[in-house]
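>>> the sequence and its predicted three-dimensional model are supplied below.
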Amino acid sequence: MKSRRRRSTSARSSARCEGGDEALLRLTNRLDATERPRDSLRVHLDEAAAALSALGPALRESLELAAANVRTVAEAQLDEVQREVRLSHEQRVTVREVAVGAAGVYAPGGRAAYPSSVLMCAIPARVAGVKRLALASPPGPDGSVHPLTLAAAALCEVDEIYAMGGAQAIFALAYGSDSIEPVDVIAGPGNAWVREAKRAASGTVGIDSLAGPSELMIFVDAATEPEWAGLDLCAQAEHGGEGALVTVATEAAVLDAIEVATLRVAGERPGVGDAPLALVEAPSSAAAVDLANAFAPEHLELLAEDVTALADRVTTAGCVFVGPYGATAFGDYVAGSNHVLPTGGAGRFSGPLGPHVFRRKIATVEVSAAAAAKLAPHADRIARAEGFPVHGESAMIRAEKGS
């Protein structure tokens, strides 16, 4: 063993984005702020406060309602902060949860705005106890971040706002730059470039998920309003043509009615993408649930009658909407559930974004002298069996002192 002294340094301080702010601005102005280039990544919080003040009263009321519902559901998810376990040999193990120091939120932007995504990511982070919250969102061609995004940031009391998007924004949040301190966790949806950047940065920072194209599966019966179902399917197709849309029923005639209604709705609304619609006839409602559990859709709507019992059998969907009035659109905006959900089958092992994404567990072990005397022989036997005798000695020396 060699003895060396080193100064404590941040593991990421020497790995900041190559080119720093200059490179980030160059990419931002080339890809996003094409008409009025920016000279700074930072957006003053006064701009966000002004955007919130400028909102029409009706829209502000709706955003505040959405924020309140998301906050209430997030607060209900907080586990007991600390659990203490006293074991039979008199040692004590305490497991506590603490918030990460800093979190980054990515909100897609440019020509469109997604204030709902700001709410869905920033509010759980605040509920978790995160002290520093940074938002990145690409500016539009005029160099400005969309006012709705800024208003949502002000509503969530975001600490820092940066006009930058794409993969470069994710790397800047993960590694830092001249003016941006790195964060510990990054959350928020984005395009394929953003998704792959999150994948590459994962491990350096925590991420919420690798969300892909939006998915919707609906289970319908003869009592389902075909137009309602068609609107729900077409609403998901507004995200583009890559998402999976699946309709399941136990009767072929029901599937035919839904198909006709969906095609009619799509034909009347130019913003609906050309997403493929799968129509599946299941032998029973139980088989339909089995199919849903195998597919693990991002959203699952049970639009048929008497489906409460079926909902209890669903185990893998990102979010389940029960009954004819349970449109996915409510979950996307105001119901209080989070719209950042697992896609591509990830519902088999993950769930909605919540405060847990921004918290981590720490274990504390307290071993008394008496406990050391009782536990050391067992630790010694296991350590020697694994070929680590010094581990055993480390425990046994305490046993001698404590006996």
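Cool, the structure landed.

>>> in this protein, which ranges drop under the pLDDT threshold?
Where the chain drops to pLDDT under 70, the residues are 1-17, 402-403.

>>> let's see it at 50
Scanning the chain for pLDDT under 50 picks out 8-9.

>>> quick check: next helix or strand after the helix ranked longest in the chain?
Longest helix of the chain, by residue count under DSSP state H: helix 57-76. Sequence-wise, the next helix or strand downstream of helix 57-76 (DSSP states H and E) is strand 82-86.

>>> so which helix or strand takes in the nearest residue to residue 79 once chain neighbours are set aside?
What sits nearest to residue 79 in space, not counting adjacent residues and going by Cβ to Cβ, 6 or more residues apart in numbering, is residue 97, at 6.4 Å. The C-beta positions use only the backbone N, C-alpha and C, and glycine is treated the same way. For residue 97, the element it lies in under DSSP H and E is strand 92-99.

>>> can you give me the strands for this protein?
42-43, 82-86, 92-99, 102-106, 132-137, 160-163, 185-187, 206-207, 215-219, 244-249, 277-281, 299-302, 319-322, 359-366 (DSSP state E).

>>> as TSV, the ones you listed with mean neighbour count and distance to residue 234 would be great.
TSV is the format used below for these (neighbours: other Cβ atoms under 10 Å; distance: least, Cβ to Cβ, whole Å):
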stretch	mean neighbour count	distance to residue 234
strand 42-43	19	34
strand 82-86	11	47
strand 92-99	15	39
strand 102-106	28	27
strand 132-137	25	27
strand 160-163	24	33
strand 185-187	26	28
strand 206-207	20	30
strand 215-219	25	10
strand 244-249	23	9
strand 277-281	15	10
strand 299-302	28	13
strand 319-322	22	16
strand 359-366	12	37
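
>>> would you turn those strands into a markdown table with distance to residue 149?
What follows is the strands of the chain, written out as a markdown table (distance: least, Cβ to Cβ, whole Å):
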| stretch | distance to residue 149 |
| --- | --- |
| strand 42-43 | 10 |
| strand 82-86 | 37 |
| strand 92-99 | 24 |
| strand 102-106 | 10 |
| strand 132-137 | 5 |
| strand 160-163 | 9 |
| strand 185-187 | 15 |
| strand 206-207 | 20 |
| strand 215-219 | 25 |
| strand 244-249 | 28 |
| strand 277-281 | 32 |
| strand 299-302 | 24 |
| strand 319-322 | 23 |
| strand 359-366 | 25 |
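
>>> nearest to residue 152, of these?
Residue 152 sits nearest to strand 132-137 of all those, at 8.9 Å, using Cβ to Cβ.

>>> got the angle between the closest one and strand 102-106?
Strand 132-137 runs at 20 degrees relative to strand 102-106, counting by axes from the mean of the first three to the mean of the last three Cα atoms, to 10 degrees.

>>> contact partners of strand 132-137?
101-109, 118, 122, 125-126, 145-146, 149, 153, 156-165, 169-170, 172-173, 180-181, 183 (Cβ atoms under 8 Å, 6 or more residues apart in numbering).

>>> again, only this time at 6 Å
Residues outside strand 132-137 that contact it (Cβ atoms under 6 Å, 6 or more residues apart in numbering): 102-107, 109, 125, 145, 149, 153, 158-162, 164, 169, 183.

>>> swap in stretch 241-258?
213-220, 222, 226, 229, 233, 236, 273-275, 277-282, 288.

>>> from the chain's centre, how far out does it sit?
Centroid separation for stretch 241-258 versus its chain: 28 Å, with Cα atoms, centre = their mean, to the nearest Å.

>>> quick one: end-to-end distance for that stretch.
In stretch 241-258, first residue to last residue: 19 Å (Cα to Cα, to the nearest Å).

>>> likewise stretch 349-363?
Its start and end residues considered, stretch 349-363 measures 24 Å (Cα to Cα).

>>> now residue 399, nearest residue through space, not along the chain?
Once flanking residues are discounted, residue 399 sits nearest to residue 376: 3.4 Å by Cβ to Cβ, 6+ apart.

>>> could you measure the one you found against residue 226, distance?
Counting by Cβ to Cβ, to the nearest Å, the gap between residue 376 and residue 226 amounts to 71 Å.

>>> so those two - more neighbours on which side?
The neighbour comparison of residue 376 against residue 226 (other Cβ atoms under 10 Å) goes to residue 376, with 23 against 18.

>>> surely the more buried one meets residue 394?
No: using Cβ atoms under 6 Å, residue 376 and residue 394 do not qualify as a contacting pair, with a distance of 9.0 Å.

>>> circling back: so how far is the strand holding residue 97 from its chain's centroid?
What separates the centre of strand 92-99 from the centre of its chain is 23 Å, taken as Cα atoms, centre = their mean.

>>> is it true that residue 367 touches residue 92?
No: at 8.1 Å, residue 367 does not count as touching residue 92 under the criterion of Cβ under 6 Å.

>>> quick one: closest of the strands of the chain to residue 113.
Closest of those to residue 113 is strand 132-137, at 8.4 Å (criterion: Cβ to Cβ).

>>> got the CA coordinates for the closest one in PDB?
Only the C-alpha atoms of strand 132-137 are listed here, as PDB (Å, rounded to 0.1, in the frame of the first residue of the first chain):
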ATOM      1  CA  ARG A 132     -31.200  24.300  -5.900                       C
ATOM      2  CA  LEU A 133     -33.400  23.800  -8.900                       C
ATOM      3  CA  ALA A 134     -32.200  24.700 -12.400                       C
ATOM      4  CA  LEU A 135     -34.400  24.700 -15.600                       C
ATOM      5  CA  ALA A 136     -33.100  24.400 -19.100                       C
ATOM      6  CA  SER A 137     -35.300  25.000 -22.100                       C
END
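
>>> and that strand, which strands flank it?
Paired with strand 132-137 in the same sheet, following DSSP bridges, are strand 102-106 (parallel), strand 160-163 (parallel).

>>> what is the end-to-end distance of stretch 378-394?
One end of stretch 378-394 to the other measures 12 Å (Cα to Cα).

>>> likewise for stretch 257-276?
With Cα to Cα as the measure, stretch 257-276 spans 17 Å from end to end.

>>> stretch 333-350 too?
Using Cα to Cα, one end of stretch 333-350 lies 21 Å from the other.
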